Structure formats: C-alpha cells, structure tokens
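Colleague: Here is my input; please provide its structure:
(one chain, ligands or ions: 2)
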Amino acid sequence: MTESQRAAFQFRRIGVIGGGAWGTALALAALRAGRETLLWAREPAVVEAIRATRENRDYLPGVPLPEALEVTDDLAGIGACDAVLLVSPAQHARAVSARLAPHLRPGVPVVICAKGIELDSHALMSEAVGAALPAGQPVAVLSGPTFAAEVARGLPTAVTLACADTALGTALVEALGSRTFRPYRSDDVVGAQVGGAVKNVLAIACGVVEGRRLGDNARAALITRGLAEITRLALALGGRAETLMGLSGLGDLTLTCSSLQSRNMSLGAALGEGRTLQDILAARRSVAEGVYTAAAVVGLAAKRGVDMPICQAVDATLNHGARLEETIDGLLSRPFRGEWH
Ligand SMILES: NC(=O)C1=CN([C@@H]2O[C@H](COP(=O)(O)OP(=O)(O)OC[C@H]3O[C@@H](n4cnc5c(N)ncnc54)[C@H](OP(=O)(O)O)[C@@H]3O)[C@@H](O)[C@H]2O)C=CC1
Ligand SMILES: O=C(CO)COP(=O)(O)O
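Modeller: Ligands and ions are numbered 1, 2, ... in the order given. Sure thing, here's the model as predicted:
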C-alpha cells in the first residue's frame, strides 16, 4: 500500500455492532490491535450489565472487559467510527444495517462478520447488508476458524479478510491485525461468505454423527464431501475454489466440525442423541446459524442447480420432519460415483 493510500484510511476508532459472544470478542481483538473501540449492543440490559460488571455474562462469561472498551445501546455513537464490524446474527443483519445506515459517514467500511444466508431471500450477507446500507458504502467480510471464547482470551487465531478493494482490504488487515489475531487478505468476498455460512450446516451433520456414535470415519467423510458441496455452491455464485481451501473454507469447516465448543455441532449432537430441535433451541440463548442457513442454502442451491445432499439432509431433518434414521439411510444409499466428476 502506498503512503497516500495509507493516509486515505485512518482507522482510529472501530465500531462493533452486536453484543453477542463474537461481537464482544472482536471488540477485544480491535482493542488489542490498538484501536479505540465502541461496542453497540441492542439490549440496554446487556449494556448496563457490561458497564456494571466489566463482563458480558449473557454471552461471553468469564472474560474481563477493560474500561477502555466503550459500550452503548445508542447507534448514533457509531457515527464517530472510522470502520464498523457488523456482528449481528445473519437473519437480523439486514434490519440492523437499515438502522445503522443513517449513522454511517460516506466511505466508512462495514466489515460483515456474521456467517449465514438470509432465509427469505437466499441472499448472501453482502447482498442483504449492501441493500440496506447507503449506495456505495464499502463492504468487506471477516470469516474463518474463530471460536469467540478463544479470540477473547487472546489465543492465536487466523482469519480471512475479504474485500474487493485491495487497498481497503490491506488497510483493514493492518487496523485489526495483531500478534494473536492474524487476518489474511483476499478479494473473494463471495467465497469467504459461502464457506462461513455453509460450514454451520455441515457442523450440525457432524454433530449428529457424534450424537449417534457413527464414528470418526463418518465425520471425516462428511467434512470432505461437505467441502465439495461448499465449493460447488461457491463456484456457482462466482467464488474461487482456492478460497474454500483457506481459512474461511476448510479452516472453519474443520474447526466447527471437530469441537463441541461449536454451537452448531453441539446442536447436531443433541439431535443425534434424540432430543428435539424445539427443546434444544428453548434451552439456549445463543444463535446456531446453521438451523436457519440449512433451509436458505438448500433454496439457493436449487435455484443454481447445485447438488448439496448433506445440506439437504440437514434441512429435511430440521425443517421437514424427516426422521434421522431415514435421512442417514438416504445419504448412505446414494449411488456410487466418481469423487470429482
Ligand atoms: N460465537 C462465535 O464463536 C462466532 C460467531 N460468529 C458469527 O457471529 C454472529 C453473531 O454470533 P454471536 O455473537 O456468537 O451471537 P450470540 O449467540 O453470542 O448472541 C446472539 C446475539 O444476537 C443478538 N440478537 C438476537 N435477536 C436479535 C435481533 N432481533 N436483532 C439484532 N440482534 C439480535 C443478541 O442481541 P440481544 O442480546 O440484544 O438480543 C446477541 O447479540 C453469527 O452470525 C455467528 O455465526 C462468527 C465467528 C465466531
Ligand atoms: O463460527 C464459528 C467458529 O468459526 C463458531 O461456530 P458456532 O457458531 O457453531 O459456535
């Protein structure tokens, strides 16, 4: 990046939209990178609790939040920020962006950090958020293998930061990156989003494998064939295959499908043990994006003529009353075929 490009992007103050686990963790990462940071949470009660206890006990318990982290429930404060991280869950990102829009200065980049596909429209986050923001507001995507609790504790983490404008992407990497939070730049905004969204659906499938004790071979098969599904969809939407081999594809898929720290995988495991989706969701406050993205991805794949049998099986189980035994049997009874063609 040239000096004049560097001067064009002065990210002194970062706004973080969304006071869940990931918004809180990213706010800590931005602080560690040396930025002033303002965290916006929707619920006044969450803001008050953070101010009173310097902890986000609702969503990220056990992590001390320094005084330097400013917290607000007033979106007007975001007007003074030089870049914004949008971390509201995917199904709310469009509505939150519409509320945010009047407070954004022209040219302030919005970095989408939610992972999902919109249920009603089948839109990627960049499409849904882009439609709600003022025309020409720059958008980027941050995605990758990142459990919030680990990022919050400052454990080493690497992510993809995708932005069509390479100079802006480079400046964002420098603004948000630190020794333990390492963004890798990409210009494949589509590929980065598809990887992050679809891996949540596949993590539910891997959770079922865990809950049903189907074995590690089955999990490895699901990860690998799931990556083939992700890649087919990304290519159909204009993404690049190499992106899906990176942090926001294989990296995140491997993480989320290998650890019960994942809300999506643990939800799948509970399903596999015989609990109902309704019961599982009723006992949680945190979001499991794969539940909503399953139906969205199946709709999007159908529109594009992309075969995604594992995602279809997850959607059938979650949303169409299919019995687990039948969906598993359906996947195991598919005709044998070439691995790549
Ligand atoms: N947690 C993680 O490890 C990671 C999460 N992500 C992604 O980040 C996004 C946010 O997840 P995360 O921070 O974990 O969420 P959490 O499950 O920790 O918290 C849920 C969040 O959703 C908000 N919310 C609920 N209803 C609405 C609504 N109607 N409008 C706007 N916001 C609402 C809650 O705000 P309120 O309290 O006001 O209801 C709360 O901030 C997801 O897309 C997730 O996939 C990505 C990487 C890692
Ligand atoms: O996106 C994540 C890890 O990269 C978090 O996964 P879960 O939402 O399944 O917990």
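
Colleague: Excluding chain neighbours, what is closest to Ile230?
Modeller: Closest residue to Ile230 apart from its sequence neighbours, by CB to CB, 6 or more residues apart in numbering: Val198 at 4.6 Å. Yep, even glycine has a C-beta here, placed from its N, CA and C like the rest.

Colleague: Leu155: what secondary structure?
Modeller: coil (DSSP: H, G, I helix; E, B strand; the rest coil).

Colleague: on that earlier part again, ok, then the element right after the strand or helix carrying the residue nearest to Ile230?
Modeller: Using DSSP states H and E, Val198 sits in helix 189-211. Using DSSP H and E, the next helix or strand after helix 189-211 towards the C-terminus is helix 216-237.

Colleague: helices or strands up against the helix or strand following that next one?
Modeller: Using DSSP H and E, the helix or strand that follows helix 216-237 towards the C-terminus is helix 241-244. Judged by 3 or more CB pairs under 8 Å, 6 or more residues apart in numbering; DSSP states H and E, the packing partners of helix 241-244 are helix 189-211, helix 216-237.

Colleague: how far does the helix holding Val198 sit from the chain's center?
Modeller: The chain centre lies 10 Å from the centre of helix 189-211; the measure is CA atoms, centre = their mean, to the nearest Å.

Colleague: Could I get the buried residue list for it?
Modeller: The neighbour-count check on helix 189-211 (16 or more other CB atoms under 10 Å) flags 189-211 as buried.

Colleague: Contacts only, for Lys115.
Modeller: Applying CB atoms under 8 Å, 6 or more residues apart in numbering to Lys115 gives the contacts Ala90, Ser143, Gln193, Gly196, Ala197, Lys199, Asn200, Glu289, Thr293.

Colleague: how deep is the residue lying closest to Val47 once chain neighbours are set aside tucked in, by neighbour count?
Modeller: Residue nearest to Val47 in three dimensions, not counting chain neighbours: Asp73, with 4.6 Å by CB to CB, 6+ apart. Close neighbours of Asp73, defined as other CB atoms under 10 Å, add up to 15.

Colleague: Wait, Pro106 touches Pro134, no?
Modeller: Yes. Contact between Pro106 and Pro134 holds when scored by CB atoms under 8 Å: they sit 7.1 Å apart.

Colleague: any common contacting residues for the two?
Modeller: Residues touching both Pro106 and Pro134 (CB under 8 Å, 6+ apart): none.

Colleague: More neighbours: which of these two?
Modeller: Pro134 (13 against 9).

Colleague: OK, contacts around that one?
Modeller: Contacts of Pro134 by CB under 8 Å, 6+ apart are Ala101, Leu104, Pro106.

Colleague: sec struct for the last one, please.
Modeller: Under three-state DSSP, the three-state class of Pro106 is coil.

Colleague: With Gly136 instead?
Modeller: What three-state DSSP gives for Gly136 is coil.

Colleague: That one is in contact with Pro106, isn't it?
Modeller: Yes. In terms of CB under 8 Å, Gly136 counts as a neighbour of Pro106; the distance is 7.2 Å.

Colleague: would you list every one of the strands in the chain?
Modeller: Counting by DSSP state E, the chain has strands at residues 13-17, 36-40, 69-72, 83-86, 110-112, 139-143, 157-162, 181-186.

Colleague: in its sheet, what does the fifth one sit against?
Modeller: Strand 110-112 has these partner strands in its sheet, going by DSSP bridges: strand 83-86 (parallel), strand 139-143 (parallel).

Colleague: ok, it near ligand 2 or not?
Modeller: No. Using CB under 6 Å from any ligand atom, strand 110-112 stays clear of ligand 2, coming no nearer than 13.2 Å.

Colleague: which residues touch that strand?
Modeller: Against strand 110-112 from outside (CB under 8 Å, 6+ apart): 83-86, 93, 97, 100, 104, 125-126, 129, 133, 137-142, 161, 172, 176, 193.

Colleague: What mean pLDDT does it get?
Modeller: Mean per-residue pLDDT for strand 110-112: 99.
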